[in-house]
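Participant: Need a 3D model of the sequence below.
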Amino acid sequence: MTKKLPIGISSFDKIRKDGYFYVDKTPFVLKLVSEGTYYFLSRPRRFGKSLFVDTLKQAFLGRRELFEGLYLYEKWDWDDVYPVVHIDFGGDQVRDSSHLEEILQSQLMLNAEEYEIPLKERLLEKRFNELIRGLYKKFGKQVVVLIDEYDKPILDRIEEREKAREIREVLKGLYSVLKPLDSYLKFVFITGVTKFSKVSLFSGLNQLQDITLSPKYATICGYTQAELEGVFGELFTEEELQGVKCWYNGYSFCGEPVYNPFDVLLYLSERKFRSYWFETGTPSFLVKLMLEKRFYLPKMEEFIADEYLLGSFDVDEIEVPTLLFQAGYLTVKEWHSSIE
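Facilitator: Residues are numbered from 1 along each chain as shown. Here you go, the predicted structure:
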């Protein structure tokens, strides 16, 4: 059976069961779990973050059959299964802080119902705490917490600063629940497009390790040259490979360059070189911010930035280069350990 292109599919189960191409990122699953507990990852939209989160989930749930033929298959203890709390902000357009609380309450209830955990607490933070403790008590195992698109509620209202601040405070309260529950937690992975400053959002979770610009995790999302040729090579002529490299292999996260998966898959589907990822939409806020600050984009080719500038921002303090880099409109041409 001819394999299918996984365009827009973030379900690991669906990809593995229904005959889609899959680039094996499971070595990073083992590496993360072996080296730490609390992780944060920022990558541009449509870069494979949600698929990686689901890959983590299926591994912790012990679904060995999905990993047959992959790196993790012979290297994971499949009998050691953990309860997983999965919170995904990707599906809802958040209107305000009250709406966010409704969404979170619903997600916590869905997680609780999946494991038949009764929740009595009404306040959001107490209910999250109750869910984790309840899972630990019922199964006698530490809990895995996966949060996907953590920043989307804020970005949904980033042009309305007061609403964005209120939403930020709700999220800050939610994440603060995790710190005192360290002994109840096996693994925590939080991912999104942007990186809000730890002080403004993760002050209650100071053990969070940011792997966004870590060289050893530079290829955790996106396709390397070897992965592209190894998985999709039969679909390309040599001329096409060169064209794809020219068009889509520009992303660098302090390590080996990677291809944008969305662009590669759309090219294979349409066989035309276009800026597919860019055409999916530029945030209106980004355009407005550049106009407000009279930002001249061509000068970025000579721009020098330190890791701090590229690293994080807050609702009240947003630098254009930071947002351009984190959103995927700007990448790094060269990295230097120091500048003379």
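
Participant: longest helix in this structure, by residue count?
Facilitator: If you go by DSSP state H, the chain has its longest helix at helix 97-114.

Participant: quick one: buried residues of that one?
Facilitator: 97, 99-101, 103-105, 107-108, 111-112 (16 or more other Cβ atoms under 10 Å). In short, each C-beta sits where N, CA and C put it, glycine included.

Participant: by how many degrees do the helix or strand following that helix and helix 97-114 diverge?
Facilitator: Heading C-terminal from helix 97-114, the first helix or strand you meet, by DSSP states H and E, is helix 124-139. Interaxial angle, helix 124-139 versus helix 97-114 (axes from the mean of the first three to the mean of the last three Cα atoms, to 10 degrees): 10 degrees.

Participant: pLDDT averaged over helix 124-139 - what is it?
Facilitator: In this model, helix 124-139 has an average pLDDT of 98.

Participant: First residue to last residue on stretch 114-132, what's the distance there?
Facilitator: With Cα to Cα, to the nearest Å as the measure, stretch 114-132 spans 13 Å from end to end.

Participant: got it, and stretch 75-84?
Facilitator: Using Cα to Cα, the two ends of stretch 75-84 sit 20 Å apart.

Participant: can you list the domain ranges for this protein.
Facilitator: Using automatic domain parsing, the domain parsing of the chain gives 12-217, 225-279, 284-327.

Participant: deepest of these, which one?
Facilitator: Mean neighbour count (mean count of other Cβ atoms under 10 Å) peaks for domain 12-217 among the domains of the chain, with a mean of 18.

Participant: Pull the distance from that one to the chain's centre.
Facilitator: From the chain centre to the centre of domain 12-217 is a distance of 9 Å (Cα atoms, centre = their mean, to the nearest Å).

Participant: which residues touch residue 7?
Facilitator: Neighbouring residues of residue 7 by Cβ atoms under 8 Å, 6 or more residues apart in numbering: 262, 265-266, 269.

Participant: what about the strands in this protein?
Facilitator: 38-42, 84-88, 143-148, 185-192, 209-210 (DSSP state E).

Participant: can I get these in JSON lines with distance to residue 67?
Facilitator: Shown next, in JSON lines, are the strands of the chain (distance: least, Cβ to Cβ, whole Å):
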{"stretch": "strand 38-42", "distance to residue 67": "20"}
{"stretch": "strand 84-88", "distance to residue 67": "16"}
{"stretch": "strand 143-148", "distance to residue 67": "16"}
{"stretch": "strand 185-192", "distance to residue 67": "17"}
{"stretch": "strand 209-210", "distance to residue 67": "25"}
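
Participant: Using a markdown table, please lay out those together with mean pLDDT.
Facilitator: Listed next are the strands of the chain as a markdown table, based on pLDDT from 0 to 100:
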| stretch | mean pLDDT |
| --- | --- |
| strand 38-42 | 95 |
| strand 84-88 | 98 |
| strand 143-148 | 98 |
| strand 185-192 | 96 |
| strand 209-210 | 92 |
